[in-house]
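Engineer: Kindly generate the corresponding structure for this input.
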Amino acid sequence: VILLVAGTLGSGVILINFASKEKSASALQEEPALDSHGHPIAANVSSAALDNLIDKAAPSFQLVDRDGKIYSSESLRGKNVVLFFNEGLMCYPACWNQIVAFSNDERFGGDDTVVLSVVIDSAEEWQQAIKKMPELAKATVVFDNGASVSNKFGMLKTASSMHYGAFPGHTYVLMDKEGLVRHVFDDPNMALHNDQLSAELKKLN
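Structural biologist: Below is the predicted model of the structure:
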């Protein structure tokens, strides 16, 4: 704010600049509130897109593990499938702990159930994770090069995505033996959810 003061006793003009340290109300309104991951709360990270997957055929996909074994939406028919979309190598320890928790849990080791942890890293890059946490070696991790499958499932713009638009965050998709999506859960807190998913699997059998 600049105040113009004209003196009556002289010809001088005094300019006084009151520089406000406070932003105007309108300026504050233009800056959206951010969530814990730095995303605008108004951003399209609602569960609506994920909910739209429910009771529909899962998008077709083909993923490969570090041994070269191919897992596709077609070859997995006849099995219940848990897809765990996560940030992979950069998500230590939260995502790694969940991956290991699946492989150590006999509830997910039956002949009729397959758990695939989907990461964007390459098989070569993932070796770094195995060196740091050897327990990861027995888990079934598949590599989504180019994030094409993650994008198909809508996993790149969820509330848990810390690298919004580029990487998945911490999201679970449960498919039944017919290839239909029956349960989707996104967790920005990146916790372990074996009990919840086991309960959902029981509903399918």
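
Engineer: For the protein, which segments count as strands?
Structural biologist: Using DSSP state E, the strands of the chain run over 2-6, 13-17, 62-65, 70-72, 80-86, 113-119, 141-143, 170-175, 181-186.

Engineer: Check which residues of the fourth one are buried.
Structural biologist: So the one you mean is strand 70-72. Residues of strand 70-72 classed as buried by neighbour count (16 or more other Cβ atoms under 10 Å): Y71. In short, each C-beta sits where N, CA and C put it, glycine included.

Engineer: so who does the nearest residue to L174 once chain neighbours are set aside touch?
Structural biologist: Leaving aside its sequence neighbours, L174 sits nearest to H183 (Cβ to Cβ, 6 or more residues apart in numbering; 3.9 Å). By Cβ atoms under 8 Å, 6 or more residues apart in numbering, H183 lies in contact with I54, Y172, V173, L174, L197, E200.

Engineer: The strands of the chain into TSV, with extra columns for mean pLDDT and distance to L192?
Structural biologist: Formatted as TSV, those follow (pLDDT from 0 to 100; distance: least, Cβ to Cβ, whole Å):
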stretch	mean pLDDT	distance to L192
strand 2-6	48	59
strand 13-17	52	57
strand 62-65	98	22
strand 70-72	98	23
strand 80-86	99	11
strand 113-119	98	13
strand 141-143	99	17
strand 170-175	98	10
strand 181-186	97	12
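
Engineer: got those strands as CSV, with distance to S161 columns?
Structural biologist: Output for the strands of the chain, formatted as CSV (distance: least, Cβ to Cβ, whole Å):
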stretch, distance to S161
strand 2-6, 45
strand 13-17, 45
strand 62-65, 19
strand 70-72, 23
strand 80-86, 10
strand 113-119, 13
strand 141-143, 18
strand 170-175, 8
strand 181-186, 9
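
Engineer: among the contacts of H183, who's most crowded?
Structural biologist: V173 (25 neighbours; other Cβ atoms under 10 Å).

Engineer: Quick check: bridge partners of it?
Structural biologist: L83, V184 (DSSP bridges).
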